[in-house]
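> Compute the structure for the input listed below.
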Amino acid sequence: METVLAAGIALALAACGDLSLVDSLYREAPGVLRFSPADPVIAVGVDLTLSVMGGIAPYSIVSGAVTPLDDHTWEFPATSAGNFPLQVSDGAGKTVETLVTVYSGGEPALNVTEVTLPEGVGWTFMVTGGTLPYDWELDGLFQPEGAAPNASYDFLPAPQGTYVVEVLDFAGVSQAAIVTVAPSGVGVDVLSITPLSAVVMPGGTVAFTAFGGDGNYSFSATGGSIDNANPATYVAPGAVGTYAVNVADGSGPPGVSAAVVVTATGTLPVLSPGSVTVSALDDEVQFSASGGSPSSYTFSTNKPALGSIDPVTGLYRQLAAGNVVVTVEDAVGLKDNTLVKWNP
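Alright, predicted model coming up:
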């Protein structure tokens, strides 16, 4: 009833030419007319679901080739690369536009998408693939550019907490990494290693970190290679199988071990859309996945209190202010991350 009343008032004010009052009404209820997601980036061959939120129903597409799914949702078929503007109008004559970027070719790939750091330790992220050059963001803030093509980023020592590093290629395609900074535990806690397990493609990398013990760490692996830094970079062998990564400290073996499964599925899973911005609470984004082991995908977020996602369907909803990492995991445990940016 309130929505119908608001629609009638808005239409009457618009007819009288009182656009300032119409704008005021939009700010209070039912919300600013907007696309969700805004300015998405997707790969050729991936269909995108776009919703219009806020404003005054009914909605109609002014320009753009889309297929209606319901009264406020459309499907955009990404049949060719390029930039495609879409415009929609509502019942009060308001219009809003978004730009859909469709890219061809591969996505940028980080050396690791998760790393846990002891306090006082940094990490260098590296990226390959996608379209050069690259940009880097830390918790949504652009970082100073390095030497072209800007293919690495130094995460400097930081206080305890969780951080998000995101790389964006020239086409706007992104991948995100979660950085967790924790106390080293040296001289206080028993020796431990994280992660305790990992799934990786042949030649892929995993960052293993030791905590506790006496701090004199020595890493080894039963297959592939690993350096002796902390975190230690493990490079998987070309042969599929299950291997062990071990860390010992000055007290000697046996130390503690983690399991690494090397799997060959052909490709890594890829989230779509690959770059997402939302501007209001309750905005929804329909995520999908391709590649990897496609028999099943599981979706999750790193901050469920800020953004929730249906683990099966991939429907995301913004619950509170803040950036959120969305992760998809395929049937064998391979993952991809992307960042949902909060920009009200």
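
> what bridges to residue 138?
Using DSSP bridges, the bridge partners assigned to residue 138 are residue 141, residue 165.

> Which element, helix or strand, includes residue 320?
For residue 320, there is no helix or strand it lies in under DSSP states H and E.

> Provide a list of residues in contact with the nearest residue to residue 163 once chain neighbours are set aside.
Leaving aside its sequence neighbours, residue 163 sits nearest to residue 179 (CB to CB, 6 or more residues apart in numbering; 4.3 Å). All C-beta spots, glycine's among them, are computed from the backbone N, C-alpha and C. Contacts for residue 179 (CB atoms under 8 Å, 6 or more residues apart in numbering) come out as 115, 116, 117, 123, 155, 158, 162, 163, 164, 165.

> May I have the helix or strand hosting residue 179 as PDB, with CA atoms only?
Using DSSP H and E, residue 179 maps to strand 174-182. Extracted in PDB, the C-alpha atoms of strand 174-182 (Å, rounded to 0.1, in the frame of the first residue of the first chain):
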ATOM      1  CA  SER A 174      39.400  -9.000 -11.100                       C
ATOM      2  CA  GLN A 175      40.500 -11.700  -8.700                       C
ATOM      3  CA  ALA A 176      40.600 -11.200  -4.900                       C
ATOM      4  CA  ALA A 177      42.800 -12.700  -2.200                       C
ATOM      5  CA  ILE A 178      42.100 -12.900   1.600                       C
ATOM      6  CA  VAL A 179      45.000 -12.000   3.900                       C
ATOM      7  CA  THR A 180      44.800 -13.000   7.500                       C
ATOM      8  CA  VAL A 181      47.400 -11.500  10.000                       C
ATOM      9  CA  ALA A 182      47.700 -13.400  13.300                       C
END
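
> Please name every helix or strand in contact with the helix or strand that that strand is followed by.
Counting by DSSP H and E, the element after strand 174-182 in chain order, helix or strand, is strand 192-194. Using 3 or more CB pairs under 8 Å, 6 or more residues apart in numbering; DSSP states H and E, the elements in contact with strand 192-194 are strand 205-211, strand 252-262.

> Serialize the ones you listed to TSV and add fields for mean pLDDT, distance to residue 195 and mean neighbour count.
Shown next, in TSV, are these (pLDDT from 0 to 100; distance: least, CB to CB, whole Å; neighbours: other CB atoms under 10 Å):
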stretch	mean pLDDT	distance to residue 195	mean neighbour count
strand 205-211	98	7	23
strand 252-262	92	6	16
